[in-house]
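Participant: Just need the structure, nothing else, for what follows:
(one chain, ligands or ions: 2)
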Amino acid sequence: MKHFTQFESKKLADSLIEKALAYKSHPRMEAAKGLGKKIGCIFLNPSLRTRASTQIAALNLGMDPIVMNMDKEGWALEMKEGAIMNKGTVEHIKDAAGVLGSYFDILAIRAFPSLTNKQEDIEDFIFNQFIKYSGVPVISLESAIRHPLQSLADMVTIHENVGQIKKPKVVLTWAPHIKAIPHAVANSFAEWAIGCGHDLTITHPEGYNLDPMFTQGAKIELDQQKALEGADFVYVKNWSAYNDYGKIVTTDNSWMLTEKHFKHAKKAKVMHCLPVRRNIEISDEILDGTRSLVQEQANNRIYAAQSVISHILG
Ligand SMILES: NCCC[C@H](NC(=O)CCC(=O)O)C(=O)O
Ligand SMILES: NC(=O)OP(=O)(O)O
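Facilitator: Ligands and ions are numbered 1, 2, ... in the order given. Predicted structure coming up:
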């Protein structure tokens, strides 16, 4: 693994999960591994968890993290090859990424989708420009189509909570939202849950199917109540339409997860990557109750990132 951008294999996922759990028990057990090395965390979009947990992970390994909020503090980047730069953009991605590559041993990038240019988003164009021009290992901090550090933390969280269940029933359910939201978290969760061998059901209202590239191997059930029957883990997430790209095609508030939804899944645990819109996506009673794993997931982000950085350090 040179870059960390997506699920690669069950073998690699298992070893990353195992290492994450080891770091969780002993966060400073390899406190000198990254001494003298620098990781640049480049944000083109807001973040709380990814921003903090990735820095803590690097510090636990002795690395120096430097965070740049390029969307707010950097020069406006030009992405188009051959552009005549006589408008708002100041610096070409190939110049900026080349410089960053010369400053850092590892780059970590957050670049959300436009949700308007489908082709560019599904090619993960901006994220891949950093890979192309920086020349150093790149870690995804959430790209247009994937959020692998989140998914790794989610797999760690399932591993810790699965108990004796051999093949847990995992349900990824769409939830309402007030605005158009990316597909990255849902795509990645599906990719990792299937890759790790879980029994995945995806449920969403008509019109919200995800890119089939990520859902092959999952059951698709448009009746949310049926999908939730017998669930061990319920992962809640909003996403905008993929076919009618980036649009909100319906807002059915009955999809908000409440205690009523668990009649036939009494023991199910609830997951969400955060930030969550309370009482829009999930009710307070669920988030503040014993089903919720959201704080554990967020905590595991540190050790997922530490495991990945450590793997790239070699
Ligand atoms: N990194 C975790 C999720 C980031 C993003 N959420 C958001 O944009 C929420 C925005 C809001 O609630 O206004 C998403 O779902 O992909
Ligand atoms: N879950 C997650 O990635 O959170 P942030 O967007 O706050 O980093």
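Participant: Check what pLDDT the residue of the stretch 151-300 of the chain found nearest ligand 2 gets.
Facilitator: Of all residues in the stretch 151-300 of the chain, residue 273 sits closest to ligand 2, at 3.9 Å by C-beta to the nearest ligand atom. For glycine as for every other residue, the C-beta is placed from the backbone atoms N, C-alpha and C. pLDDT, residue 273: 99.
Participant: what's the answer for the one 4 residues further on, then?
Facilitator: As summarised for this prediction, residue 277 has a pLDDT of 98.
Participant: any idea how far it is from ligand 1?
Facilitator: Distance, residue 277 to ligand 1, by C-beta to the nearest ligand atom, to the nearest Å: 5 Å.
Participant: That residue contacts residue 178, doesn't it?
Facilitator: Yes - here residue 277 reaches residue 178: they are 6.8 Å apart, a contact under C-beta atoms under 8 Å.
Participant: More neighbours: the two, which one.
Facilitator: Remark: of residue 277 and residue 178, residue 277 carries more neighbours, 16 against 11, as counted by other C-beta atoms under 10 Å.
Participant: Who's the closest spatial neighbour of that one, skipping the chain neighbours?
Facilitator: residue 177 (6.2 Å; C-beta to C-beta, 6 or more residues apart in numbering).
Participant: same question, residue 291
Facilitator: Spatial nearest neighbour of residue 291, chain neighbours left out: residue 270 (4.6 Å); criterion: C-beta to C-beta, 6+ apart.
Participant: who's in contact with the one you found?
Facilitator: 233-234, 236, 257, 282, 286-287, 291-294 (C-beta atoms under 8 Å, 6 or more residues apart in numbering).
Participant: how about 7 Å then?
Facilitator: Counting by C-beta atoms under 7 Å, 6 or more residues apart in numbering, residue 270 touches 234, 236, 257, 282, 286, 291-293.
Participant: Would you double-check that it falls in a strand?
Facilitator: Yes - secondary structure of residue 270 (DSSP: H, G, I helix; E, B strand; the rest coil): part of a strand.
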